[in-house]
Every structure is written in C-alpha cells, then in structure tokens.
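J.: Just the structure for this:
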Amino acid sequence: MIAQIIMYGVIIGIFYALVAVGLSLLFGVMKYMNIAHGSFVVIGGYISFWLFNLLGIDPFLSIPFVLVIMFVIGLIVYGLVFSPLKRFAEGQRLGNSMLITFGLILVLDNLVAFLWTSDVKTITAPYSGQVIQLLGIRVPFTSLGVIGVTFAIIGILHLFLSRTYIGQSIKATAQDWEAASLLGININRTYLIACGISVALAGAAGTAVVLMYSISPYSGLEWMLISMIVLVFAGLGKIREVFLAGLALGLLEQLGVFLLGGHYRAVVGLVLFVLILILRPQGLFAK
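T.: As a prediction, the model looks like this:
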C-alpha cells in the first residue's frame, strides 16, 4: 500500500511540475504574475478535446498542435496585455500584471463557455482505464504517458534555454534585463517569445488535465492555485527547481490523503503554501 501511495504521489507530482513550469518561466523572465495561467491550461485542454472529437487525433499526438496554437495565443496576449507593462519597475509589474490578468480570467472563462458550453468535458481514449503492473504496483497507462510527455517537454525546454541563442537571451534577461539590454539583447522580443512559450506549456498541461481529470470553463482557478503552490515551493522564478517542487507537493498531498482522507487533499497543499511563505519565503529548493 505504501509503495502504491508513493507511486501515485510521484505521478501527481510530475504532473504538477508540468502544470506549473510555464508560470515559473513567465515570472522568472518578466516578473509578471499571470493569474490567468489556469485559464490557459483549460483552453489547452479544450483544444485537445476538440481535436480528439472532431478529427480523431489522439490526445498525446495532439500536443504538438496544442503547443503551436497556444504559442500563437501567447504572442497575442503579450502584445495586448503584457507589453504595456514593460515600462514599469519590477515591483509595479507584479502588482499591475496580477490586476490585469485577473480581468483576463473573466474574459477567457466566458469565451470558453461560449465556445464549448459550460458542460464538464473529459477525453475517454481507448487506453483510458488500462493499467500496467510494475513490481506489483498499478500504474495507469494514461499517467505513464503524461510522465513521458512531462520529461520530454521539460527536457526540451532545458535544452532550448541552455543551447540556443534565444534561450540564453531568456536566461540573461531573467537575471538582469538592464545588463542584457546593454549587451545587445532585444528585450521586447525576448519577452514576447517567453510569454508564448509560457502559454504553450500551459496548453500542454491542459491536455494532461483533460485526460487524467476533467475540465470546465471555470476550473482554471484550481490549476492556478496548484501552480502557485509549486512556484512557492520551488522559489519564485526558479525553473529548474519546479520539478522537485512538484514531486514534493504530490508526495505530501498523497500522504495527507492517506492520513486524513481524500476530502483534505487541497487543504494539505494550501496549509503547506502558507507555512512555506512564513518560514522559508525563498522556497524549499532555492539556494
């Protein structure tokens, strides 16, 4: 039983890392807090649902299409919402971005309800419900696929940030945007690409959500809260630590479910969120 609980904790933790990595990237680079991150997760899930029902594209195979569509949406969002904020100081950016993306939630959630109705949606693929036995531990096939997708996306993101010019520009801008600008880096273009990648990663997480759980137009708040908790665990803007933070949250939540019951799963995360902010605001895994 303990091994099964740990396995579920690892699965959920890796999934949480996928949900939160886009938000961490945006905050780390631009110092914007995108409160509408959960709404973009939901939109990505609906796009995958649409591709599955209209064109019969498997959810895992639809992820490249979701990434491209959501990347374009991210570029549009930056131009309309975030671009005017770059003239403010970092402290003002944080507050203003929270206010403006709170309004964006209302627009996006109602737009999703108009396009897909308010019904709860989920994808029932041919392999949904199937499990694989590993040393006596049951692992759902869908969860195994989500783990593989998460490793692939985070690995590609790491290679992109460390091996390409644009990726290194993003890392340099995250460290000191003024110094990066003096060295010839186009800050506006870097912000634009970082925002597109952040929203695209949220969309990929949405595909996992609609496979493992379900989505509705107003379910984005749940995924935003989870992303915030992982962000605080990792340390604000710490992209590499998000994976460890997601694992920690997943394991602690499963431990709470085992000791207290399933009704207290969300409470465990919120209590830990408050304790980390009070006792270690720089994050569990921040150096």
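
J.: in stretch 162-178, what counts as buried?
T.: 167, 169-170, 172-174, 177 (16 or more other CB atoms under 10 Å). All C-beta atoms are positioned from the backbone trio N, CA, C, and that covers glycine.

J.: hang on, I meant stretch 119-128
T.: So, applying 16+ other CB under 10 Å, buried residues of stretch 119-128: 121, 123.

J.: Distance from it to the middle of the chain?
T.: 20 Å (CA atoms, centre = their mean, to the nearest Å).

J.: Any idea how far apart the tips of that stretch sit?
T.: One end of stretch 119-128 to the other measures 20 Å (CA to CA, to the nearest Å).

J.: And the contacts of it?
T.: Stretch 119-128 is touched from outside by 45-46, 48-49, 52, 58-59, 141-142, 210-211, 213-216, with contacts defined as CB atoms under 8 Å, 6 or more residues apart in numbering.

J.: Let me see the contact set for the closest residue to Leu115 other than its chain neighbours.
T.: Sequence neighbours aside, Tyr46 is the residue nearest to Leu115 in space, at 7.4 Å (criterion: CB to CB, 6 or more residues apart in numbering). Counting by CB under 8 Å, 6+ apart, Tyr46 makes contact with 112, 115-116, 121, 206, 210, 215.

J.: Also Ser48?
T.: Counting by CB under 8 Å, 6+ apart, Ser48 touches 59, 62-63, 66, 123, 206-207, 210-211.

J.: Over to Cys195?
T.: With contacts taken as CB under 8 Å, 6+ apart, Cys195 has the following neighbours: 26, 30, 74-75, 77-78, 82.

J.: Am I right that it is in a strand?
T.: No. Counting by DSSP: H, G, I helix; E, B strand; the rest coil, Cys195 is located in no strand; its state is helix.

J.: Grab the nearest non-local neighbour of it.
T.: In space, and not counting its chain neighbours, Cys195 is closest to Tyr78: 3.8 Å by CB to CB, 6+ apart.

J.: Can you give me the distance of the one you found to Tyr191?
T.: Between Tyr78 and Tyr191 the distance is 7 Å, computed by CB to CB, to the nearest Å.

J.: Ok, Tyr264 next?
T.: To Tyr191, Tyr264 is 40 Å away according to CB to CB.

J.: if you count what's nearby, which of those two comes out ahead?
T.: In this view Tyr264 and Tyr191 are compared by other CB atoms under 10 Å, and Tyr191 has more residues nearby, 22 against 14.

J.: Show me which residues of the helix or strand where that one lies are buried.
T.: Secondary structure assignment for Tyr191, by DSSP states H and E: helix 187-212. In terms of neighbour count (16+ other CB under 10 Å), helix 187-212 has its buried residues at 187, 190-212.

J.: Sounds good, over and out.
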